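Chemist: Model the structure of this input:
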Amino acid sequence: MSVNARAEMRNLHARYIEPALEPYGFVREGMSYRLSSGVGDSLIVEFQTSRSSGKDACKFFVNVGLVYAPWVAWIREMDEPAQLQDPKVTEALLRARVSRVQGPPLHEAANALHALMYSGGAESGLDDVDPQCWTIGPSHLSDRYGPGLTAQLLSTVHEFLPWLDREVCKQRLRSGDKLPAPQSPDVAMMVMLVDDGTSQELDGLIAEFKGNGSNFADWARGRAARADALKARSTRK
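Modeler: Model prediction:
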C-alpha cells in the first residue's frame with residue numbers, strides 16, 4: 001500500500017470514524033473499535049483489509065459484531081475468564097458488514113451497482129463487484145467517501161447497540177423482535193439465559209436442542225449449573 005493510501009486511511013479514521021464512535025464509548029484498538037459492557041460482552045467495529053488491496057489503494061470491509069462472553073466460551077470450549085480475553089469479531093453471535101447499497105438483496109444490489117459504475121452513473125468509492133467492499137486511496141479520497149461510510153456505519157451501530165444489553169435482548173426476543181443479524185432466536189436466547197442459572201425457560205429451550213443431539217444443549221446446561229453453584233456460594237458468604 002502506498003504512502004498516500006495509508007495517509008488516506010489515517011485521515012478516514014481520524015476525521016470520521018473515531019469522532020463518530022467515541023461519543024458512544026468505543027475505544028480504538030488498532031483497526032478495530034470496541035464498546036464493552038459490564039458483564040464481558042462487546043460491540044466491535046472492525047476494519048478488515050481485503051486481499052485485493054493494491055499498491056495505490058486500500059480495499060477493506062467494515063464488520064460489526066456483538067460478542068457475548070457465554071458464546072465465546074462455547075466457541076472456544078473453555079470457561080475461565082482469563083482464557084476469554086480479547087474476543088474477536090469473528091466470534092460474534094451477531095455479525096454484519098456495512099454496505100453502501102441498501103434495499104434490494106445483496107446479489108441484486110451488486111449487479112445494479114456494477115452496471116451503474118460502468119455506465120458512469122455511480123462513484124467508484126466502492127468495489128465494482130462487492131457492495132460491501134470499500135476503497136480508499138489517492139483516487140478514492142477519504143474526505144469524499146468518509147461521510148457516506150460513517151453514516152452507513154452509524155446506521156448499523158444503532159441497530160446493534162440496544163442488543164448489547166442482555167436484559168434488553170431477552171425482552172426483545174420474548175416480544176418476537178427480529179435480531180439485527182442472521183441467527184437463531186432460540187440460540188440467542190439460550191446465550192442470554194445461561195449465566196442466570198437454570199430456569200424453566202432455559203430448560204424448555206435445552207429440551208428442544210437436546211432432541212436434535214446438540215452438544216450446545218449439553219454445554220448450556222453445564223454452564224447454567226455452574227452459575228447456580230456460584231450463586232449458592234455467594235449466598236453462603
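
Chemist: mind listing the helices for this protein?
Modeler: Assigned by DSSP state H, the helices in the chain fall at 3-12, 18-21, 69-76, 106-118, 142-160, 166-174, 185-193, 200-210, 215-236.

Chemist: can you list contacts of the shortest one?
Modeler: Taking Cβ atoms under 8 Å, 6 or more residues apart in numbering as the criterion, the residues outside helix 18-21 that touch it are R28, Y33, L35, V45, T150, L153, L154, V157. (Glycine included, C-beta is placed from N, CA and C.)

Chemist: give me that answer again for 6 Å
Modeler: Contacts to helix 18-21, defined as Cβ atoms under 6 Å, 6 or more residues apart in numbering, come from residues Y33, T150, L154.

Chemist: Next, count neighbours for the residue nearest to the last one when sequence neighbours are not counted.
Modeler: Taking Cβ to Cβ, 6 or more residues apart in numbering as the measure, L154 lies nearest to A20, with 5.9 Å between them; neighbours along the chain are not counted. In terms of burial, A20 registers 20 neighbours under the definition other Cβ atoms under 10 Å.

Chemist: contacting residues around the residue positioned nearest the centre of the chain?
Modeler: Centroid-nearest residue in the chain, with Cα atoms, centre = their mean: G65, separated by 0.8 Å. G65 sits next to I44, V89, A92, R95 when contact means Cβ under 6 Å, 6+ apart.

Chemist: Tell me how far it lies from L12.
Modeler: Here G65 is placed at a distance of 20 Å from L12 (Cβ to Cβ, to the nearest Å).

Chemist: Please apply the same query to P162.
Modeler: Counting by Cβ to Cβ - P162 and L12 are separated by 27 Å.

Chemist: Comparing the two, which residue is more hemmed in?
Modeler: Set side by side, P162 and L12 show more neighbours around L12, with 23 against 13, by other Cβ under 10 Å.

Chemist: close enough to count as contact, that one and G146?
Modeler: Yes. Under the criterion of Cβ atoms under 6 Å, L12 makes contact with G146 at 5.3 Å.

Chemist: Give me the neighbour count for R76.
Modeler: 13.

Chemist: any idea how far it is from D143?
Modeler: Look at R76 and D143: by Cβ to Cβ, they are 41 Å apart.

Chemist: Flag the shaky bits of the chain, pLDDT-wise.
Modeler: Across the chain, residues meeting the criterion (pLDDT under 70) sit at 1-3, 54-55, 78-85, 101-129, 139, 211-213, 237.

Chemist: sorry, back to before: excluding chain neighbours, what is closest to the residue nearest to the centre of the chain?
Modeler: A92 (2.8 Å).

Chemist: Spit out the contact partners of A57.
Modeler: Residues near A57 by Cβ under 6 Å, 6+ apart: A5, T135, G137.
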